[in-house]
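**Student:** Structure for the following, please:
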Amino acid sequence: MPPRSEQHSGLVHAQALTGSERRAASRSRGRDIAEIATAYGLILLVIWTPRPAQRLLWWVAATAVIVMTCISFDGLRAMGLRRENFLRSLWIVGVALALALGAVLISGRLHALRRLGGPAWLLENYWAYAIWAAVQQFLLQCFFLLRLQRLIGSPKIAAVAAAGIFALAHVPSPILVTVTLIWGTAACLLFVRYRNLYPLAIAHAILGIALAIAIPGPVDHNMRVGLGYLTYNPHRHYGHAQRWSRSSQP
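**Tutor:** Got it, this is the predicted structure:
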């Protein structure tokens, strides 16, 4: 055994090191909290601000998220922007396709289905929504989930928390709040398991397009949220081709 003086010196050094690590962890936690609050506050501000100010705020929010992501860069692997586990998690896309097909068939039986075209028609009308779906998935997993996981510690609890704030951003639409809570929880848990964003982004796009096609505009207010949901006018917002842009962008 080392002499008592050496033990005491080692203990003091360990305590000092622990205190330093705690201060570093505290700074990191403080930054994570600040980034979550800033990004989410700007997102809610965009959702609940009328035009034309909404357009300016949209760019402010996008710029802020990009800057914070670059400053607190977690790495491509941690953010799921990698090839590993892509094929292993590709079954998620298959499940999304099956659910989308089921929703379309049910809507058709209920005579609520919008008129459909071929693959070229879908690409022409929904390519922009597919990009927006990927952006939402990036925000959910790469921005909010990673920070909440560091703050909370438990991946499962962090997944539920991230899904909760994701769903709240879709208030007051009861359909989208419910769907995004379920999908957000599942997507976050799958991200924790596979750590690959690409299948989740593809699945999000498939499910979102299926909802846009299967649910009549007057029912879900053309997938609008926030102030746009409350000010929706079914006699004015009837354009099928502009469905995604009227609901998802400022």
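**Student:** Give me the phi and psi for L168.
**Tutor:** Torsion angles at L168 (phi, psi; degrees, to the nearest 10) stand at phi -60, psi -30.
**Student:** Retrieve the pLDDT associated with the residue most central in space within the chain.
**Tutor:** By Cα atoms, centre = their mean, the mean C-alpha position of the chain lies nearest to L140, the distance being 2.8 Å. pLDDT recorded at L140 is 97.
**Student:** Repeat that for the one 3 residues further on.
**Tutor:** Confidence per residue is given as pLDDT, and for F143 that number is 97.
**Student:** Count the residues that sit near it.
**Tutor:** Applying other Cβ atoms under 10 Å, we find 21 residues neighbouring F143. Bear in mind the C-beta positions are built from the backbone N, C-alpha and C, glycine included.
**Student:** Reduced to three states, what does P234 come out as?
**Tutor:** Secondary structure, DSSP: H, G, I helix; E, B strand; the rest coil: P234 is coil.
**Student:** I'd like the numbering to begin with 26 instead of 1 from here.
**Tutor:** Noted, 26 is the first residue going forward, which turns the last one into P259.
**Student:** ok, the nearest residue to it once chain neighbours are set aside to L206 distance?
**Tutor:** Spatial nearest neighbour of P259, excluding adjacent residues (Cβ to Cβ, 6 or more residues apart in numbering): P243 at 4.4 Å. P243 sits 23 Å away from L206, going by Cβ to Cβ, to the nearest Å.
**Student:** the more surrounded of those two?
**Tutor:** With neighbours defined as other Cβ under 10 Å, P243 and L206 compare such that L206 has more, 17 against 13.
**Student:** List the residues that contact the more buried one.
**Tutor:** Applying Cβ atoms under 8 Å, 6 or more residues apart in numbering to L206 gives the contacts A188, G189, F191, A192.
**Student:** so which helix or strand takes in it?
**Tutor:** Element membership of L206 [criterion: DSSP states H and E] is helix 199-219.
**Student:** show me where pLDDT drops low in the chain?
**Tutor:** 26-52, 261-275 (pLDDT under 70).
**Student:** Which parts of it belong to which domain?
**Tutor:** By the assignment in automatic domain parsing, the chain contains the domains 26-98, 102-273.
**Student:** Among these, show me which one is buried the most.
**Tutor:** domain 102-273 (a mean of 17; mean count of other Cβ atoms under 10 Å).
**Student:** quick revisit: output the following helix or strand past the helix holding L206 as CSV, nothing but the C-alphas.
**Tutor:** As assigned by DSSP H and E, the chain's next helix or strand after helix 199-219 is helix 223-239. What follows is helix 223-239 as a C-alpha-only set of coordinates in CSV (Å, rounded to 0.1, in the frame of the first residue of the first chain):
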residue,chain,number,x,y,z
TYR,A,223,-31.6,7.9,-43.8
PRO,A,224,-34.3,5.2,-43.5
LEU,A,225,-36.1,7.3,-41.0
ALA,A,226,-36.1,10.3,-43.4
ILE,A,227,-37.4,8.1,-46.2
ALA,A,228,-40.1,6.6,-44.0
HIS,A,229,-41.2,10.1,-42.8
ALA,A,230,-41.6,11.2,-46.4
ILE,A,231,-43.6,8.1,-47.3
LEU,A,232,-46.0,8.4,-44.3
GLY,A,233,-46.4,12.2,-44.8
ILE,A,234,-47.3,11.9,-48.4
ALA,A,235,-49.7,9.1,-47.6
LEU,A,236,-51.5,11.3,-45.0
ALA,A,237,-51.6,14.1,-47.5
ILE,A,238,-53.3,11.9,-50.1
ALA,A,239,-55.5,9.9,-47.8
